[in-house]
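> coords below, sequence missing:
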């Protein structure tokens, strides 16, 4: 099925990273450098171009309430469990919350939307809410935690400006501003930005493959149980909530199918890159992304068949 194109591509790039790590061509140090380049250089360029070209009209469609409701529901459920069962600190909760609700709406979501749903723009609202709201909030919290742990005093003004000092957030905001002002990026600038942005996803996936081969393997402990919970929330609970909200809103069947299928996408691999960048639960993020990608492929195949 063509909808699996995105999964196959991801698997190949992860395998490349794992093989390079196995034969010693790339090391853990290279993995961290790849993650840093992807997060601080390539991804901001990608965000500028994606946000500047996105179709903002989809944000105002009724179906977005089902998508956003499912994201909020999954995040809320994990947050409750984080406080009552797992007792994680703020930074740890932030990474796990992102894993439970932040979808790989780009290099998996767009192919799935195009080939399984017939329209790639179904993925646009998810990309917009994630890049324009969820990611800046998550990065701001992690920046705050890092500064606090380093003993730095953060004045209110400094706290409010934290999002605007993160390259990813700045890239999102620049792209959104260009879109709202209907400014077309000149080819002289767009071409190098597209080239830089093209590095982002491959770098993330190769880094993930290196980590899977060289870093410690998952163990069956509390982290493993929490990883299973996060995978379940992302791939099973979130699509369930999306379907329920879509049905309650009386959406057309094709809209209900679209929001449900896209809610079952796995966590984005850049959550692992963010975890690596901030040194917060790196192995946990790696394992959750890898497991969820496998589970998600099965769930999406079932949903596309039965809905």
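Noted; the coordinates are in hand. Note that the coordinates shown come from a computational prediction; the quantities given were computed from them, not determined experimentally. Numbers count the residues shown, from 1 in each chain.

> so in this structure, where's the weakest helix or strand by average pLDDT?
Lowest by mean pLDDT, DSSP states H and E among the helices and strands of the chain is helix 156-161, with a mean of 62.

> just after it, pick out the following helix or strand.
Next along the chain after helix 156-161, taking DSSP states H and E as the criterion, comes helix 167-180.

> I'd like the distance between residue 300 and residue 134.
21 Å (CB to CB, to the nearest Å). Placement of C-beta: from N, CA and C, glycine included.

> between these two, which one's more packed in?
Higher neighbour count among residue 300 and residue 134: residue 300, with 26 against 18, using other CB atoms under 10 Å.

> show me where the stretch 101-250 of the chain has its helices.
109-117, 124-129, 135-149, 156-161, 167-180, 187-197, 200-214, 222-232, 238-248 (DSSP state H, counting those that start in this stretch).

> list of residues touching the fifth one?
Contacts of helix 167-180 from elsewhere in the structure, counted by CB atoms under 8 Å, 6 or more residues apart in numbering, are 39-41, 43-54, 56, 131-132, 135-136, 139-140, 163-164, 185.

> which of the helices of the stretch 101-250 of the chain sits closest to residue 64?
helix 124-129 (4.5 Å; CB to CB).

> ok now that closest one, how far from the chain's centre?
Relative to the centre of its chain, helix 124-129 is centred 11 Å away, using CA atoms, centre = their mean, to the nearest Å.

> what's the answer for stretch 122-135, then?
The answer for stretch 122-135 is 9 Å, by CA atoms, centre = their mean.

> that older thread, weakest of the helices of the stretch 101-250 of the chain in terms of mean pLDDT?
Ranked on mean pLDDT, the bottom entry among the helices of the stretch 101-250 of the chain is helix 156-161, at a mean of 62.

> contacts for stretch 54-71?
Contacts for stretch 54-71 (CB under 8 Å, 6+ apart): 101, 121-122, 124-129, 134, 175, 179-180, 238-239, 241-243, 245-246, 249, 251, 255-256, 258-259, 262-263.

> give the buried residues for the helix or strand hosting residue 77.
Using DSSP H and E, residue 77 maps to helix 63-81. Neighbour counts over helix 63-81 (16 or more other CB atoms under 10 Å) mark 63-71, 73-75, 77-78, 81 as buried.

> can you get me a residue count around the closest residue in space to residue 281 that isn't next to it in sequence?
Leaving aside its sequence neighbours, residue 281 sits nearest to residue 95 (CB to CB, 6 or more residues apart in numbering; 4.9 Å). Residue neighbour count, defined by other CB under 10 Å, stands at 25 for residue 95.

> could you point out the longest helix of this protein?
Identified as the longest helix of the chain according to DSSP state H is helix 282-306.

> buried ones in that one, by neighbour count?
Buried, per 16+ other CB under 10 Å, within helix 282-306: 282-293, 295-297, 299-301, 303-304.

> now that helix: average pLDDT?
88.

> how far out from the middle of the chain is that helix?
13 Å.
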